[in-house]
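*Asks:* okay, structure incoming, though there's no sequence with it:
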């Protein structure tokens, strides 16, 4: 069975049909740049470009980089335009995609759902936390495989700063930090999250999951097991499609 998944990020909008039996993309993903400013209408146009690229006419699952309540209403917009707040995202995307059935879910939650079903979190009990390091830091918290949605742990305060402003992948790039220097920031962040939630497993997702060997060896002193996401940066697309299936 295939359903289309779209992952909306702060820098790119990417999507592809997903084989839900295999938990993987059924075709090479297509990506367009996230517009700036990333207003609802502009982002919806980008999503339409991605979906139209495949001529897709079935259900579509979409991620959003913020809190989404009731499967539709956007409550936060840290890395997109603030005009998203209180937008009915499902209605917007349904209209722009010509009435196709649409499901909207937080981006990190989608990635976490995919990793727990098909990747690094499969079969793991206890507390599992997936963290996506990209434009910001997204989080997905699981207890015995059950998602606690919209946790937004990237906005924890760390040494007087919003954590994602110090430890996101964008912070590394903007600060021109070495992988080792950035890993020390990530370590401090993980230690803070570990103190609060005592997870058995951290899964590191986002684009940096492809480069885990560059920084994970420098992350020391964390009691929980730390592994890169197995689905890497496709996890959000897969999880979005999973949620669209219901």
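*Replies:* Perfect, I can see it now. Quantities reported herein were computed from a predicted structural model and do not represent experimental measurements.
*Asks:* next, the contact list for the nearest residue to residue 62 once chain neighbours are set aside, please.
*Replies:* Distances taken as Cβ to Cβ, 6 or more residues apart in numbering place residue 6 nearest to residue 62, at 4.6 Å, with adjacent residues excluded. Bear in mind the C-beta positions are built from the backbone N, C-alpha and C, glycine included. Residue 6 is in contact with 13-15, 47, 50-51, 60-63, 237, 240, counting by Cβ atoms under 8 Å, 6 or more residues apart in numbering.
*Asks:* filter those residues to the buried ones?
*Replies:* For the contacts of residue 6, a neighbour count by 16 or more other Cβ atoms under 10 Å gives the buried set as 13-15, 47, 50-51, 60-63, 237, 240.
*Asks:* what's around residue 85, how many residues?
*Replies:* 14 (other Cβ atoms under 10 Å).
*Asks:* the one 5 residues further on too?
*Replies:* The local packing of residue 90 (other Cβ under 10 Å) involves 19 other residues.
*Asks:* what do you get for residue 213?
*Replies:* That count, for residue 213 with other Cβ under 10 Å as the rule, works out to 9.
*Asks:* ok, now which ones touch residue 140?
*Replies:* Residue 140 makes contact with 106, 108-109, 111-113, 129-130, 147, 151, according to Cβ under 8 Å, 6+ apart.
*Asks:* I'd like those residues written out as JSON lines, with neighbour count, secondary structure and distance to residue 33 added.
*Replies:* Output for the contacts of residue 140, formatted as JSON lines (neighbours: other Cβ atoms under 10 Å; DSSP: H, G, I helix; E, B strand; the rest coil; distance: Cβ to Cβ, whole Å):
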{"residue": "106", "neighbour count": "29", "secondary structure": "strand", "distance to residue 33": "21"}
{"residue": "108", "neighbour count": "32", "secondary structure": "helix", "distance to residue 33": "21"}
{"residue": "109", "neighbour count": "28", "secondary structure": "helix", "distance to residue 33": "24"}
{"residue": "111", "neighbour count": "35", "secondary structure": "helix", "distance to residue 33": "20"}
{"residue": "112", "neighbour count": "33", "secondary structure": "helix", "distance to residue 33": "25"}
{"residue": "113", "neighbour count": "25", "secondary structure": "helix", "distance to residue 33": "26"}
{"residue": "129", "neighbour count": "26", "secondary structure": "strand", "distance to residue 33": "30"}
{"residue": "130", "neighbour count": "31", "secondary structure": "strand", "distance to residue 33": "25"}
{"residue": "147", "neighbour count": "20", "secondary structure": "strand", "distance to residue 33": "30"}
{"residue": "151", "neighbour count": "20", "secondary structure": "coil", "distance to residue 33": "28"}
